[in-house]
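Participant: coords below, sequence missing:
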RNA sequence: GGCCUUGUGGUCAAGCGGUUAAGACGGAGCCCUCUCAAGGCUCAAUCCCGGGUUCGAUUCCCGGCAGGGUCACCA
């Protein structure tokens, strides 16, 4: 068979370059020894979720701790799945979490020498190599229809055979020259398939940087490399792109492990050295009692935008992910409390081999701790930026009074105390938590544990002697005074010794006051709260809280 | 079902032939205390099962079992 003629007929493109030219256009990168070139290669299908951030963070950390490059490539070979604005969304979401690219699609960088970074724009490169494979007898056209393929698959399944296009099931593999041209003449659509040279009885061990040594079986599937629209499949594009973009380390989800044999053969027939691989385990969630990998379609609540909307502090999310990525991160952080997470020596070998369950409790704990490290001013900025984007009009009005908010923040964060408070977990929660400081969002629940007469007596007596100029101890002395007058123990020790002699203790009196002023039985230091609210507002609230 | 892969407390996990089997989150309790939060202290809770190998297995081997992934002209 005249392979050159066949290649020219199948791929008549005139814009293809001699293969060696591509090596010249995309020369090996000039990077220091040990520098890793990693990439994130999403398909532009819309929002990205925590799992993507997870692997992006690994890519980014490895590239940047080794002095390498982290780039963004868009795998847009499937026209059907394309979503407008997805690329910008990926970049923006990751940037929010401090994951930044050095080069790639939509990245403004002088390093962009390995593009284009959209696979659709690289069609000629793939086609040039596909053409050469045809010329070398390593690829061939396949005219099988979807129905035919499905029928074969059903037959294979019924007979419990391995499904796919291989061996005797590869009907088009041995088409004669006449048959091929007849099909072509009839205008039948075709794909280009790899003519696999592999044998599944051959096993080899492959070293994965995360999983360690794994056993892989040689590929014998005649996978399609060029779809009927002339665009490559993932497998083919992966081999060519990661070679010419000079990726040194491919970090991708473990769902790719099963197609590794295909990739190994592809690199081989293409004559490219293989990059190193690290297949990450996926983040899991519990669904109906069993674990399941996080899915874009099923778990919109794990979209990165969800965390942004909920006002999670980005560094907290990153640190949470770091604890899963490298389990020695937490220990390192305890030893280096002041250090930035970027100073941590991230290693791919430390990555876990099995999928971790997403743990919201842990995230929340880290989030509280991170947030407690901020200054009130930094906290104001963080909360305010969230309020401006996601808050209500009332929230925006409240935040217009920066000094007032900062006074609240000083209290809520425990500034000046021996230890910082850790009340703030995320912006959405923090903003609701301080609602009682504003009259328009103050919604008291007067759930007193004492009778109306006692409550009213406590409230009116305290209102009469309350002086905003009092310091904490003077204030508390007055609370005790009111306690004593109403049959409560002024000293906790007295109450504990003889509880039967009292209606309650100072703590109960403070609770009545607290409920009146904040609407809640629990709050930070009441004296300070009253100071922030101001005498006017306090007396009004004390009066309003009386039981009619 | 075939193939690949994983299996230490509720969760994330150290461990790499001999340990009282770390630590963190969560849980329980105590202390502190005007409540809450924070903090300090304490406690409960783990090596999937069965065979080997070995003086000795959580650790090595084999077999089960359970979980996960994958079997497209999607990535």
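Facilitator: Received, thanks. Only a predicted model underlies this, so the values are computations on that prediction, with no experimental measurement involved. Numbering: from 1, shown residues only, chains lettered A, B, ... in the order given.

Participant: Spell out which parts of the stretch 351-500 of chain A neighbour RNA strand B.
Facilitator: Where the stretch 351-500 of chain A comes near RNA strand B, counting by C-beta under 7 Å from any atom of the strand, the residues are A:352-357, A:359, A:361-362, A:365, A:368, A:414, A:417, A:419-423, A:472, A:476, A:479, A:492. The C-beta positions use only the backbone N, C-alpha and C, and glycine is treated the same way.

Participant: Quick one, which of the residues you listed are buried?
Facilitator: A:355-356, A:368, A:414, A:420, A:423, A:479 (16 or more other C-beta atoms under 10 Å).

Participant: Buried residues in whichever helix or strand residue A:394 is part of, which are they?
Facilitator: Per DSSP states H and E, residue A:394 falls inside helix A:393-400. Going by neighbour count (16+ other C-beta under 10 Å), the buried part of helix A:393-400 is A:395, A:398-399.

Participant: Likewise for stretch A:527-535?
Facilitator: A:527-531, A:533.

Participant: Same question for stretch A:187-195.
Facilitator: Quick answer for stretch A:187-195 (16+ other C-beta under 10 Å): A:190-195.

Participant: Go through stretch A:280-295 and flag the buried ones.
Facilitator: Those would be A:280-285, A:293-294, for stretch A:280-295 by 16+ other C-beta under 10 Å.

Participant: Not counting sequence-adjacent ones, nearest residue to the closest residue to RNA strand B within the stretch 51-200 of chain A?
Facilitator: When scored by C-beta to the nearest atom of the strand, the stretch 51-200 of chain A has residue A:75 as its residue closest to RNA strand B, at 2.8 Å. In this structure, residue A:75 finds its nearest non-sequential neighbour in residue A:43, 4.6 Å apart by C-beta to C-beta, 6 or more residues apart in numbering.

Participant: number of nearby residues for residue A:218?
Facilitator: Residue A:218 is flanked by 16 other residues according to other C-beta atoms under 10 Å.

Participant: actually residue A:38, sorry about that
Facilitator: Residues within reach of residue A:38, counting by other C-beta under 10 Å, total 27.

Participant: Pairing partners for it in the sheet, please.
Facilitator: Note on residue A:38: beta-bridge partners by DSSP bridges are residue A:70.

Participant: ok, now which ones touch it?
Facilitator: A:59-60, A:62-63, A:68-71, A:247-251 (C-beta atoms under 8 Å, 6 or more residues apart in numbering).

Participant: Can you tell me which helices and strands the helix holding residue A:394 packs against?
Facilitator: Helices and strands touching helix A:393-400, by 3 or more C-beta pairs under 8 Å, 6 or more residues apart in numbering; DSSP states H and E, are helix A:376-390, helix A:402-412.

Participant: got a list of contacts for that helix?
Facilitator: A:380, A:383-384, A:387-388, A:391, A:404-405, A:431, A:434, A:437-438, A:440-441.

Participant: In those residues, find the pair that's most separated.
Facilitator: Farthest pair in the contacts of helix A:393-400 (C-beta to C-beta) is A:380 and A:440. Separation: 19.8 Å.

Participant: More neighbours: which of the two?
Facilitator: Taking neighbours as other C-beta under 10 Å, residue A:380 and residue A:440 compare with residue A:380 leading, 19 against 9.

Participant: Tell me the gap between stretch A:79-96 and the middle of its chain.
Facilitator: Centroid separation for stretch A:79-96 versus its chain: 13 Å, with C-alpha atoms, centre = their mean, to the nearest Å.

Participant: Then stretch A:391-402?
Facilitator: 29 Å.

Participant: Stretch A:363-372 now?
Facilitator: Taking mean C-alpha positions (C-alpha atoms, centre = their mean), stretch A:363-372 and its chain are 17 Å apart.

Participant: Buried residues in that stretch, which are they?
Facilitator: A:363-364, A:366-372.

Participant: So which bits of stretch A:201-215 are buried?
Facilitator: Residues of stretch A:201-215 classed as buried: A:206, A:208-211 (neighbour count, 16+ other C-beta under 10 Å).

Participant: Endpoints of stretch A:103-111, how far apart?
Facilitator: 6 Å (C-alpha to C-alpha, to the nearest Å).

Participant: what's that stretch in contact with?
Facilitator: A:39, A:69, A:71-74, A:87-88, A:91, A:101-102, A:112-115, A:117-118.

Participant: So which of these sit within strands?
Facilitator: With strands defined by DSSP state E, the entries of the contacts of stretch A:103-111 inside them are A:39, A:69, A:71-72.

Participant: Would you mind measuring from residue A:182 to residue A:517?
Facilitator: According to C-beta to C-beta, to the nearest Å, residue A:182 and residue A:517 sit 90 Å apart.

Participant: neighbour-wise, which of these two wins?
Facilitator: residue A:517 (23 against 13).

Participant: Keep only the buried residues of stretch A:201-215 that also lie close to RNA strand B.
Facilitator: Applying C-beta under 7 Å from any atom of the strand to the buried residues of stretch A:201-215, one finds that residue A:211 fall near RNA strand B.

Participant: mind putting the buried residues of stretch A:201-215 in TSV, secondary structure included?
Facilitator: Compiled in TSV, the buried residues of stretch A:201-215 are given as follows (DSSP: H, G, I helix; E, B strand; the rest coil):
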residue	secondary structure
A:206	strand
A:208	strand
A:209	coil
A:210	coil
A:211	coil
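
Participant: The lowest-mean-pLDDT helix or strand in chain A packs against which elements?
Facilitator: Lowest mean confidence among the helices and strands of chain A (mean pLDDT, DSSP states H and E): strand A:290-293, at a mean of 75. Applying 3+ C-beta pairs under 8 Å, 6+ apart, one finds that strand A:290-293 contacts strand A:284-287.

Participant: Which strands and helices lie in contact with the strand it packs on?
Facilitator: strand A:290-293.

Participant: and the strand it packs on, which strands flank it?
Facilitator: strand A:284-287 (antiparallel).

Participant: So which of the residues of the stretch 351-500 of chain A next to RNA strand B sit within strands?
Facilitator: The members of these all map outside strands under DSSP E.

Participant: For stretch A:248-267, measure first residue to last.
Facilitator: One end of stretch A:248-267 to the other measures 14 Å (C-alpha to C-alpha).

Participant: just stretch A:250-262 next, same as before
Facilitator: Start-to-end span of stretch A:250-262 (C-alpha to C-alpha) is 15 Å.

Participant: I figured residue A:53 was touching residue A:94, is that so?
Facilitator: Yes: when contacts are counted by C-beta atoms under 8 Å, residue A:53 is listed as touching residue A:94 (6.8 Å).

Participant: what touches both of the two?
Facilitator: With C-beta under 8 Å, 6+ apart as the test, residue A:53 and residue A:94 both reach residue A:304.

Participant: What's the local residue count around residue A:14?
Facilitator: 5.

Participant: so who does it touch?
Facilitator: Applying C-beta under 8 Å, 6+ apart, no residues contact residue A:14.

Participant: repeat for residue A:281
Facilitator: Going by C-beta under 8 Å, 6+ apart, the list of residues near residue A:281 reads A:210, A:254, A:351-356.

Participant: Let me see the ranges of the helices in the stretch 151-300 of chain A.
Facilitator: A:177-185, A:234-244, A:260-270 (DSSP state H, counting those that start in this stretch).

Participant: Please see if the last one touches RNA strand B.
Facilitator: The one in question is helix A:260-270. No: Helix A:260-270 lies out of reach of RNA strand B by C-beta under 7 Å from any atom of the strand, never closer than 8.0 Å.

Participant: Stretch A:537-548 too?
Facilitator: No: judged by C-beta under 7 Å from any atom of the strand, stretch A:537-548 makes no contact with RNA strand B; its nearest approach is 14.1 Å.
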